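>>> coords please:
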Amino acid sequence: MDNPARTHILISMTHDSDLLIVGGGLNGPALALAAAKARLSSTVIDALPEPTRKNVAFDGRAYALALASVRLLHNLGIWDRVADHAQPMLEIKVSDGRAGEGPSPFFLHFDHAEIEEGPMGHMLEDRYLRRALLEAMAEEPLITQVSNDTVTAQESHATGITVTLASGKTLTGRLLIGADGRASGTAARAGIRRTGWGYGQTALVAAIEHDLPHQGIAHQFFMPPGPLAILPLPGNVSSIVWSETDATAARFASLPDAEFMEVLRPRFGDFLGEIKLRGTRFTYPLSLTVANSFVADRLALIGDAAHGMHPIAGQGLNAGLRDVAALAQVIDDATRRGEDLAAVDVLARYQQWRRFDTATLAMATDLTNRLFSNDNPLLRAARDLGMGAISHVSGLRRGFIREAAGLTGDLPELMKA
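Numbering: from 1, shown residues only. Next comes the predicted model:
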């Protein structure tokens, strides 16, 4: 009988790399680095030129990284590169109200001091995380980067999968990873359908300077058109993610900076003193989209290619990084046992691990947005009483804090301390 380890080595020699990862945003590079820890090689293919991806003004977003995600970045050697730019989230305050009227007297208050592990998470700007991932990939000999090129075709066969690029080049790997976003071409070419809908909302994203310190407190203010998140960044700066109806958001986005700030102020409030815009504003349409399957023949989806959801709980990237950690563990375990890491039963383990958690999170964000993004007086009374009750029951409150920190459920090894 053939030695399984020797068989793995012989098969690997026929491929350009073990993993072909389509998408060089955040999840794709994180998976490549996780795979490298397991001595698996990756080729990361991205449509954008590398200088564009390294541009400090490229995106504008900031992420609420849950504690479990911070642990993953630490275990991948990324956290030390970005820690100086990160802001710990020490408290979260959730309130309900209308623009210009202030919040209702009922609110949720979560304090990191109620758990033993430290801050619930950290805020980090996209530009720092993206650059750190690119630098780490460049230093890793097991990772090859292909920039400014796209996949136009893919075909699986008995021992691998081949992709054809727009440049005419072909690459062969053992497993193809779709990390190419909500409109994933990888998923579409595999015949994977999607379930989802738009919310009729657009997120307005910007950085705001303010006179008073934020004390590491994140705020989520629910208003009838959609929520306004005020998220602490280093210094007297906060990131806002402001959800409005599509038409209103388009109108606000077209305003000059001074007029934009005039419509923001009554919604933001004066609890941080005077505020002013810092940098460029961005807009992102909001929708829910979930792939009907996370796997296909020699193929797996991660991040937004598998599930894109409303940013209302700030869990989009955290869910993607949990995909990364779970898939990395599944394929590492399979390789150690001498299995084909892209076998149907191996990929089924990944799907089983992530499918329920993702569906639960998608439903929770969808329900929360629908419950709070309206001005129905009966719903308003019910949700305000509910928030008040949760805030006064320590067990429930601790459960929500641990959920926000990403510490619940079956954690992959890379997300453990």
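>>> Please count neighbours and contacts with C-alpha atoms only from this point.
OK.
>>> can you give me the strands for the stretch 101-250 of the chain?
102-111, 121-125, 143-146, 151-157, 160-165, 170-178, 194-210, 217-223, 226-233, 237-245 (DSSP state E, counting those that start in this stretch).
>>> Least reliable of these by average pLDDT, please.
Comparing mean pLDDT across these, the weakest is strand 102-111, with a mean of 74.
>>> hmm, who's touching stretch 185-196?
Here stretch 185-196 makes contact (CA atoms under 8 Å, 6 or more residues apart in numbering) with 22, 153-154, 177-178, 180, 287-293, 296, 301, 305.
>>> Relative to residue 252, how far out is residue 263?
According to CA to CA, to the nearest Å, residue 263 and residue 252 sit 8 Å apart.
>>> likewise residue 335?
Relative to residue 252, and taking CA to CA, residue 335 is found at 52 Å.
>>> likewise residue 211?
Note on residue 211: its distance to residue 252, by CA to CA, is 24 Å.
>>> show me what contacts the spatially most central residue of the chain?
In the chain, the residue lying closest to the centroid (CA atoms, centre = their mean) is residue 317, at 0.9 Å. By CA under 8 Å, 6+ apart, the contact set of residue 317 is 27, 63, 65, 303.
>>> Nearest to residue 377, out of those residues: which one, please.
Lowest distance from residue 377 to the contacts of residue 317 (CA to CA) belongs to residue 63, with 32.6 Å.
>>> and the residue lying closest to residue 125 once chain neighbours are set aside, how many residues sit next to it?
Among residues not flanking residue 125 along the chain, residue 62 sits closest, at 3.9 Å (CA to CA, 6 or more residues apart in numbering). Neighbours of residue 62 under the rule other CA atoms under 10 Å: 24.
>>> got a list of what residue 62 touches?
Applying CA under 8 Å, 6+ apart, we find residue 62 in contact with 123, 124, 125, 126, 239.
>>> Mind doing that once more with 10 Å?
86, 123-129, 205-207, 231-233, 238-241 (CA atoms under 10 Å, 6 or more residues apart in numbering).
>>> ok, now residue 352?
Neighbour list for residue 352: residue 294 [criterion: CA under 10 Å, 6+ apart].
>>> is it fair to say it lies in a helix?
Yes - the assignment for residue 352 by DSSP: H, G, I helix; E, B strand; the rest coil puts it in a helix.
>>> Where does the prediction get shaky in the stretch 301-417 of the chain?
Of all residues in the stretch 301-417 of the chain, none has pLDDT under 70.
>>> Would you quantify the distance from the spatially closest residue to residue 170 that is not a sequence neighbour to residue 81?
Using CA to CA, 6+ apart and skipping the chain neighbours, the partner closest in space to residue 170 is residue 164 (4.5 Å). According to CA to CA, residue 164 stands 34 Å off from residue 81.
>>> Same check on residue 319?
Going from residue 319 to residue 81 by CA to CA gives 22 Å.
>>> Looking at the two, which is more packed in?
Higher neighbour count among residue 319 and residue 81: residue 319, with 27 against 17, using other CA under 10 Å.
>>> residues contacting that one?
Here residue 319 is in contact with 27, 66, 69, 302-304, 306-309, 325, 354, 357-358, 361-362, 406 (CA under 10 Å, 6+ apart).
>>> which residues sit in contact with residue 66?
72, 89, 119-123, 314-315, 317-319, 402-407.
>>> Pairing partners for the nearest residue to it once chain neighbours are set aside in the sheet, please.
The shortest distance from residue 66 to any non-neighbouring residue, by CA to CA, 6+ apart, is to residue 121 (4.2 Å). Residues in a beta bridge with residue 121, per DSSP bridges, are residue 66, residue 89.
>>> Test my guess that residue 121 contacts residue 64.
Yes - using CA atoms under 10 Å, residue 121 makes contact with residue 64 at a distance of 6.7 Å.
>>> where do the contact lists of these two overlap?
Counting by CA under 10 Å, 6+ apart, the shared contacts of residue 121 and residue 64 are 70, 86, 87, 88, 89, 404, 405.
>>> Next, the first one: secondary structure please.
The local conformation at residue 70, judged by three-state DSSP, is helix.
>>> Next, count neighbours for residue 167.
By other CA under 10 Å, the residues close to residue 167 number 11.
>>> now it, nearest residue through space, not along the chain?
Spatial nearest neighbour of residue 167, excluding adjacent residues (CA to CA, 6+ apart): residue 149 at 6.6 Å.
>>> There's contact between the one you found and residue 49 in this structure, I believe.
Yes - using CA under 10 Å, residue 149 is in contact with residue 49, at 8.2 Å.
>>> more neighbours, the two?
residue 149 (16 against 12).
>>> what sits against that one?
Residue 149 sits next to 45, 46, 47, 48, 49, 165, 166, 167, 168, 169 when contact means CA under 10 Å, 6+ apart.
>>> switch to 7 Å and redo it
For residue 149, the contact set (CA atoms under 7 Å, 6 or more residues apart in numbering) comprises 45, 46, 47, 165, 166, 167.
>>> Columns distance to residue 349 on top of those residues, output as TSV?
Formatted as TSV, the contacts of residue 149 follow (distance: CA to CA, whole Å):
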residue	distance to residue 349
45	25
46	27
47	30
165	30
166	33
167	35
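>>> Among those, find the one with the greatest number of neighbours, please.
In terms of neighbours by other CA under 10 Å, those top out with residue 45 at 25 neighbours.
>>> Check the gap between that one and residue 320 for me.
As for residue 45, its distance to residue 320 is 18 Å (criterion: CA to CA).
>>> just residue 163 next, same as before
Distance, residue 163 to residue 320, by CA to CA: 23 Å.
>>> And for residue 138?
According to CA to CA, residue 138 stands 22 Å off from residue 320.
>>> ok, now residue 266?
The gap separating residue 266 from residue 320 is 34 Å, by CA to CA.
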